[in-house]
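Undergrad: Sharing a model that was predicted from the sequence below.
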Amino acid sequence: MSEEVTFTIKRIGFDEHYRPSDSTRTTTNFANLARGEQRQENLRRTLEMIDNRFNALAHWDNPEGNRYTVELDIVSVDMTIHAARASDALPLIEILKTTILDRQTGERIEGVAGNNFSSYVRDYDFSVVLPEHNKNRTTFSIPDNFGTLHGNLFTSFINSGAYKDCFTKPPVICISVSNSRTYHRTDNRHPVLGVEYRQDDYSLTDAYFRKMGLTVRYFMPEGSVAPLAFYFFGDLLNDYTNLELISTISTMDTFQKIYRPEIYNANSVAGRAYKPSLDHSDYSLTPIVYDREERNRLGIEQGRFAEEHFIKPYKPYLDQWSSRPAS
């Protein structure tokens, strides 16, 4: 596969001056924050929340609670399909890369790639394929090979020279737990990730990420009110330093407080058995403006975009490609 497709990586800083590029998915969470009259205030407050969360977790040798700041880059991945004679690069994936600035020493410390995860093909799978498959069914079901193409694309990118030239470690994706599952607190506690939760069965999202080669574990860090889902390769607890893990927690816990306040900015902490709910009413809103209704509506439009510009034009090639293991 590596000779048939190539990946191109571009970076742009996510700061108070950030403006989404034309190829960025409109529903990408950080793009949603960067539009409208309050865009700059939104971004400034979000970055302040991330820094405050980081310093609260990295409290050792940090008596004033302001030693660190987190710098974020939006990493955009374009794919060119040479075997299909595609002339244009296709927008494929967007992730976030963290870098930690130690104000005390002046050192810039490598963070984690991944964090947020954005994909046009995932929009297609969840907003087009899945609803059409279940349109006239009385019981919900999953189509055959659901997520296989997306999993192969992602795995091919992670194994590519483009990824290895830019990043020293595999990615960690951190998102919300599923509101269709119940999570049970365990006695396992990590000094940074916090208390571990487990569930008996994969959610649809868990199964989808599993096709991307990613394992999932659920942890509720100190100061959080609900567990986060961490998707990773290898050994999450031993492959990453404490500061690397904190950079992911502080970034994604902040975003989730903005995106899903019913779960992550709730006024009560998850108990021993925890079932997330977007219908929960006892929560607080952040001062950051986020248009969740627009995000849900545009997901379908972006799924159709992927279908028109990626899936349909290259379907014969993609079908053949997805029948082979990613390399």
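TA: Nice, thanks for sending it over. This one's a predicted model, so the numbers in the text were calculated from it and none came from an experiment.
Undergrad: just the strands in the stretch 101-250 of the chain please.
TA: For the stretch 101-250 of the chain, the strands defined by DSSP state E, counting those that start in this stretch cover 108-119, 172-176, 183-190, 194-198, 215-220, 228-232.
Undergrad: just the angle between the fourth one and strand 215-220, please?
TA: Angle, strand 194-198 to strand 215-220, by axes from the mean of the first three to the mean of the last three CA atoms, to 10 degrees: 130 degrees.
Undergrad: go on, the second one?
TA: Relative orientation of strand 172-176 with respect to strand 215-220: 50 degrees, computed using the same axes, to 10 degrees.
Undergrad: Also the third one?
TA: Inter-element angle recorded for strand 183-190 and strand 215-220: 90 degrees (by the same axes, to 10 degrees).
Undergrad: list the buried ones in strand 183-190?
TA: By neighbour count on 16 or more other CB atoms under 10 Å, the buried set for strand 183-190 is 183, 185. (Glycine included, C-beta is placed from N, CA and C.)
Undergrad: Could you export the strands of the stretch 101-250 of the chain to a markdown table, including columns for mean pLDDT and distance to Asp78?
TA: As requested, these are exported to a markdown table (pLDDT from 0 to 100; distance: least, CB to CB, whole Å):
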| stretch | mean pLDDT | distance to Asp78 |
| --- | --- | --- |
| strand 108-119 | 94 | 13 |
| strand 172-176 | 97 | 19 |
| strand 183-190 | 97 | 36 |
| strand 194-198 | 98 | 36 |
| strand 215-220 | 98 | 27 |
| strand 228-232 | 98 | 23 |
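Undergrad: Include distance to Met252 when you put those into JSON lines, please.
TA: As requested, the strands of the stretch 101-250 of the chain are exported to JSON lines (distance: least, CB to CB, whole Å):
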{"stretch": "strand 108-119", "distance to Met252": "6"}
{"stretch": "strand 172-176", "distance to Met252": "4"}
{"stretch": "strand 183-190", "distance to Met252": "16"}
{"stretch": "strand 194-198", "distance to Met252": "13"}
{"stretch": "strand 215-220", "distance to Met252": "12"}
{"stretch": "strand 228-232", "distance to Met252": "6"}
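Undergrad: wait, which of those is closest to Gly151?
TA: Of all the strands of the stretch 101-250 of the chain, strand 108-119 sits nearest to Gly151, with 10.9 Å by CB to CB.
Undergrad: about what we covered before: for Tyr68, which of the strands of the stretch 101-250 of the chain is the nearest?
TA: strand 108-119 (8.6 Å).
Undergrad: Could I get the buried residue list for that closest one?
TA: Result for strand 108-119 [16+ other CB under 10 Å]: buried residues 110-119.
Undergrad: Can you name the element that comes right after the helix or strand bottoming out on mean pLDDT in the chain?
TA: Least confident helix or strand, the chain: helix 29-33 with a mean of 62, by mean pLDDT, DSSP states H and E. Per DSSP states H and E, the first helix or strand lying C-terminal to helix 29-33 is helix 39-57.
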